[in-house]
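Q: sharing a model prediction with you, sequence too.
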Amino acid sequence: MGGRIGYAAGAALALSVGLAVAATGALAHNTHGETATTPGAKAALARHDNFERMGAAFKRLNDELRKGSPDKAVVAQSAGQLKTLAGQMPTWFPRGSGQEARPKSEAKANIWTDAAGFNAASSNLQVQVAKLQQLAAAGDIEGVKAQVRPTGGACKGCHDKYRVQKES
């Protein structure tokens, strides 16, 4: 029994250290090798990486749905990741983390000047993603396919108003 407890404690310690290292790295560097030194720049870089994760999960979901026989586990995992990230999204925008902190930031200033509108858009995304995740968890592939459009529309609605358009 002592071996099992030792193994469990060791695994928990390793997981804790790994999470702490990963969290620290996410605040200091992003996937493009940028380094941030101020709290605002760190938040902007972490936000960028989180949106990249959201985009990858949505792409993985859509790619799976295009298959003749989508893997329900992949669909459910992708939708679950989207729900988790969408739930965290409102915390990704602390004051001082816009273009003043990171000139490459795509966050428009109206995120903070129109906080009520931004919060409403964020809440809409959370509602749409929750519906998507529930359908995916139930294994309802046709329902997921139908819910992808309103979920993508919630993303687009926020992008259109609160995100600087990327240059081609």
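A: Everything's here; your move.

Q: mind listing what G157 touches?
A: Going by CB atoms under 8 Å, 6 or more residues apart in numbering, G157 touches 121, 124. For every residue, glycine as well, the C-beta is placed using N, CA and C.

Q: what strand or helix carries it?
A: According to DSSP states H and E, G157 maps onto helix 141-162.

Q: for that helix, list every residue counted as buried.
A: 141, 144, 147-148, 151, 154-155, 158, 162 (16 or more other CB atoms under 10 Å).

Q: which of these sits closest to E100?
A: Sorting those by how near they are to E100, with CB to CB, puts Y162 at the top with 15.9 Å.

Q: picking that back up, from the buried residues of helix 141-162, which is closest to F93?
A: Closest to F93, out of all of those and judged by CB to CB, is Y162, at 9.2 Å.

Q: and the furthest pair within the buried residues of helix 141-162?
A: Counting by CB to CB, the most remote pair of the buried residues of helix 141-162 is I141 and Y162, 31.4 Å apart.

Q: for the residue lying closest to V127 once chain neighbours are set aside, what are its contacts?
A: Closest residue to V127 apart from its sequence neighbours, by CB to CB, 6 or more residues apart in numbering: A154 at 7.8 Å. Each residue near A154 by CB under 8 Å, 6+ apart is listed here: 121, 124-125, 127-129.

Q: filter those down to the buried ones.
A: For the contacts of A154, a burial check counting by 16+ other CB under 10 Å picks out 121, 124-125, 128-129.

Q: out of those residues, which sit inside helices?
A: Assigned to helices by DSSP state H, the following of the buried ones among the contacts of A154 qualify: 121, 124-125, 128-129.

Q: output these in JSON lines; the columns should cover pLDDT and distance to K59.
A: Shown next, in JSON lines, are those (pLDDT from 0 to 100; distance: CB to CB, whole Å):
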{"residue": "A121", "pLDDT": "96", "distance to K59": "21"}
{"residue": "N124", "pLDDT": "97", "distance to K59": "21"}
{"residue": "L125", "pLDDT": "97", "distance to K59": "16"}
{"residue": "Q128", "pLDDT": "98", "distance to K59": "17"}
{"residue": "V129", "pLDDT": "98", "distance to K59": "15"}
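
Q: which one of those residues sits closest to S69?
A: V129 (24.1 Å).

Q: hang on, isn't that closest one packed against A86?
A: Yes: V129 lies in contact with A86 (CB atoms under 8 Å); the separation is 4.3 Å.
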